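**Student:** Sequence plus the predicted model coming up.
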Amino acid sequence: MRITREQVTEAALSLLDTVGLEGLTMRRLAQALNIQAPSLYWHFKNKEALIDHLADRLLDRVCIDIDPAAPWRTQVEQIAHQLRQGLLSRRDGGRLYAGTYIVTPNIMRVNDGVMGALLSAGFSAKVAAWANGSLFFYVIGFTIEEQGLVDATGALVVDLAALKSRFAEAAGTSHPRLLGLMEPIFDTDMEARFQFGLDMLLDGLACQRARG
């Protein structure tokens, strides 16, 4: 029976969750599907095309239920949270998406959602475009770091105690301020930390809008 593109996609996502981005190879994917590797190229011309497609799938549920009548800040904030959740939905999702620069219906919908909210609120075209880029960069970068610290269940994937010990030793007596900031530096409440950074970005936009 011939394998469909959707079967390849689902197998690739499952394999990604199991072995991570480095372990996702065309050969391993073919083995998971019990087919020969050349059969995959009927659906994806190379691994880059497969990665682009998987990255697009992460955005399937982003910006599909945003109220266009809501305040611009509410809309952008909701889209940012949905984008983060989309990237977190798969192992290494942030790294998978980073650098793809895909142009698909999903990404166009998300871009239009952010920039449309800002344009409707009176922001200039340049501010709307640059703010959209900054938002994407923030969410992607945060998610990459988040997934390097905790897994999909929120469990730590690093030895935090050992990391704190190394940090304290490096700070030594020459950086006492850093020793006093150990608790907030190593706070693993990722939801709160994400919201903090997002608020800073949105507050900056609000200030710029107020200045005209």
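**Tutor:** Thanks, I have the structure now.
**Student:** Could you give me the buried positions within the top helix by length along the chain?
**Tutor:** Assignment by DSSP state H gives helix 125-149 as the longest helix of the chain. Using 16 or more other Cβ atoms under 10 Å as the burial criterion, the residues of helix 125-149 that qualify are 127-129, 131-132, 135-136, 138-140, 142-144, 146-147. No exception for glycine: its C-beta is placed from N, CA and C like everyone else's.
**Student:** wouldn't Arg95 be in contact with Ile144 here?
**Tutor:** Yes: counting by Cβ atoms under 8 Å, Ile144 is a contact partner of Arg95 at 5.5 Å.
**Student:** Which residues are in contact with Thr188?
**Tutor:** 149-150, 156, 160 (Cβ atoms under 8 Å, 6 or more residues apart in numbering).
**Student:** ditto for Ala129
**Tutor:** With Cβ under 8 Å, 6+ apart, Ala129 has these contacts: Met115.
**Student:** Could you do Gly99 as well?
**Tutor:** With Cβ under 8 Å, 6+ apart, Gly99 has no contacts at all.
**Student:** State the pLDDT value of it.
**Tutor:** Looking at Gly99, its pLDDT stands at 93.
**Student:** tell me the helices in the chain, going along the chain?
**Tutor:** Counting by DSSP H, the helices of the chain are 5-23, 26-33, 47-57, 72-88, 93-97, 105-120, 125-149, 160-171, 176-180, 182-185, 190-211.
**Student:** Now tabulate those helices in JSON lines and tack on distance to Cys63.
**Tutor:** JSON lines is the format used below for these (distance: least, Cβ to Cβ, whole Å):
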{"stretch": "helix 5-23", "distance to Cys63": "20"}
{"stretch": "helix 26-33", "distance to Cys63": "29"}
{"stretch": "helix 47-57", "distance to Cys63": "13"}
{"stretch": "helix 72-88", "distance to Cys63": "5"}
{"stretch": "helix 93-97", "distance to Cys63": "15"}
{"stretch": "helix 105-120", "distance to Cys63": "4"}
{"stretch": "helix 125-149", "distance to Cys63": "12"}
{"stretch": "helix 160-171", "distance to Cys63": "34"}
{"stretch": "helix 176-180", "distance to Cys63": "39"}
{"stretch": "helix 182-185", "distance to Cys63": "32"}
{"stretch": "helix 190-211", "distance to Cys63": "15"}
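**Student:** Perfect, that will be all.
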